[in-house]
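**Q** just coords:
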């Protein structure tokens with residue numbers, strides 16, 4: 001793969017290619033942007049080019065380093081991933097134990113830390129020591145979605161590269177490349193908010209998302225008891241509730257852009273409150289009750305007031 005095969009963020013492709021062409025690397029980079037737009041793929045491809053020992057680093061795929069990279073056994077490339085929740089200080093310490101060892105195949109060693117915003121504060125402070133005095137042959141790439149969780153001292157030692165969400169036409173290009181075009185529905189693209197990973201989730205669970213969107217529409221027209229009695233898409237999908245709430249937020253955000261109604265801002269805040277409730281292990285059914293009732297009340301506030 002090369003950057004040309006990655007969809008979106010054309011300016012970043014140009015910038016990273018210039019770094020490769022000029023051999024003007026720094027020791028630490030921070031790839032920032034919303035989830036699901038290809039940051040990790042960019043980081044991995046950039047790492048492959050940095051480690052290439054061929055003459056054409058952007059299109060090699062033939063040198064020993066590139067071949068080992070493609071086969072996932074390049075000793076000069078190390079990838080650190082979270083367990084889905086955090087990156088522990090022990091993972092950073094394990095990295096540091098071997099970081100002084102010289103590269104084996106290439107002239108550099110590249111460390112990619114995915115979901116770097118999930119590093120604990122202790123892990124970040126531990127990493128800071130390496131960022132302050134890295135070995136001359138080491139390059140570290142932090143990949144993250146939420147820069148606010150990163151210590152300022154860490155951010156200040158990285159070259160920060162911002163990745164934009166995909167445009168609808170770019171996302172559709174990806175969708176048509178990976179799937180049968182007949183399977184792609186308009187709502188899949190519109191509600192994916194420029195994120196490939198979000199698009200994939202919507203496509204794989206499209207029936208549920210359609211049911212959720214219908215439920216959201218009924219909040220404007222139906223009485224509260226009928227809505228609660230027909231909200232199985234929420235009550236019976238506890239394992240998918242985070243994704244469903246994200247989708248609900250996107251629906252109301254799209255309504256907001258069309259109608260510019262402050263009610264939708266308040267509703268998005270209600271959804272965020274429910275997310276926090278669920279993360280703090282509040283009763284699931286009661287949290288969904290709270291969600292539906294408060295959104296219904298916000299939407300129908302004017303009509304409810306007129307009936308009093």
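**A** Nice, thanks for sending it over. For clarity, every value in this text was computed on a predicted model and none was experimentally measured. Numbers count the residues shown, from 1 in each chain.
**Q** what residues are up against residue 264?
**A** 252-253, 255-256 (C-beta atoms under 8 Å, 6 or more residues apart in numbering). C-beta here means a position set from N, CA and C on the backbone, and glycine is covered the same way.
**Q** Same check on residue 96?
**A** 126, 129-130.
**Q** What does the pLDDT read for it?
**A** In this model, residue 96 is scored at 95, pLDDT.
**Q** ok so it is a strand residue?
**A** No: Residue 96 is assigned helix when assessed by DSSP: H, G, I helix; E, B strand; the rest coil, not a strand.
**Q** Output the below-cut-off pLDDT ranges for this protein.
**A** Low-confidence segments of the chain (pLDDT under 70): 1, 260, 302-308.
**Q** For the spatially most central residue of it, which non-adjacent residue is spatially closest?
**A** The centroid of the chain falls nearest to residue 35 when counting by C-alpha atoms, centre = their mean (1.1 Å). Spatial nearest neighbour of residue 35, chain neighbours left out: residue 145 (4.8 Å); criterion: C-beta to C-beta, 6 or more residues apart in numbering.
**Q** Tell me the spacing between the one you found and residue 115.
**A** Residue 145 is 8 Å from residue 115, where distance means C-beta to C-beta, to the nearest Å.
**Q** and what of residue 211?
**A** As judged by C-beta to C-beta, residue 211 and residue 115 stand 31 Å apart.
**Q** neighbour count winner among those two?
**A** Set side by side, residue 211 and residue 115 show more neighbours around residue 115, with 21 against 18, by other C-beta atoms under 10 Å.
**Q** Pull the number of nearby residues for the spatially closest residue to the more buried one that is not a sequence neighbour.
**A** Ranked by C-beta to C-beta, 6+ apart and with sequence neighbours excluded, the top spatial neighbour of residue 115 is residue 82, at 4.3 Å. Residues near residue 82, counting by other C-beta under 10 Å, number 16.
**Q** and if you look at the one 4 residues further on?
**A** Per other C-beta under 10 Å, the neighbour tally for residue 86 reads 13.
**Q** mind listing what's buried in the host helix or strand of residue 257?
**A** Using DSSP states H and E, residue 257 maps to helix 241-259. Along helix 241-259, these residues count as buried under the neighbour rule (16 or more other C-beta atoms under 10 Å): 241, 243-252, 255-256.
**Q** how far is that helix from where the chain is centred?
**A** Distance of helix 241-259 from its chain centroid, counting by C-alpha atoms, centre = their mean, to the nearest Å, is 17 Å.
**Q** before we move on, what about stretch 254-265?
**A** Distance, stretch centre to chain centre, for stretch 254-265: 24 Å (C-alpha atoms, centre = their mean).
**Q** Same check on stretch 152-159?
**A** Computed by C-alpha atoms, centre = their mean, the chain-centroid distance of stretch 152-159 equals 20 Å.
**Q** Repeat that for stretch 139-159.
**A** 15 Å.
**Q** Would you mind measuring the gap between the ends of that stretch?
**A** 11 Å (C-alpha to C-alpha, to the nearest Å).
**Q** Contacts for stretch 160-171 next, please.
**A** Here stretch 160-171 has contacts from 7-9, 12, 15-16, 29-34, 37-39, 42, 147, 174, 189-190, 192-196, 199, using C-beta under 8 Å, 6+ apart.
**Q** In that stretch, which residues are buried?
**A** In stretch 160-171, counting by 16+ other C-beta under 10 Å, buried: 161, 163, 165-166, 170-171.
**Q** Return the member of those residues nearest to residue 47.
**A** Residue 47 lies nearest to residue 161 out of those, by C-beta to C-beta, at 13.7 Å.
**Q** A helix includes the closest one, no?
**A** No: read with three-state DSSP, residue 161 is strand and lies in no helix.
**Q** returning to what we had before: of the contacts of residue 96, keep whichever come out buried.
**A** 126, 130.
**Q** Looking at the contacts of residue 96, which is nearest residue 220?
**A** residue 126 (51.3 Å).
**Q** Which of the helices or strands spans the closest one?
**A** According to DSSP H and E, residue 126 maps onto helix 121-132.
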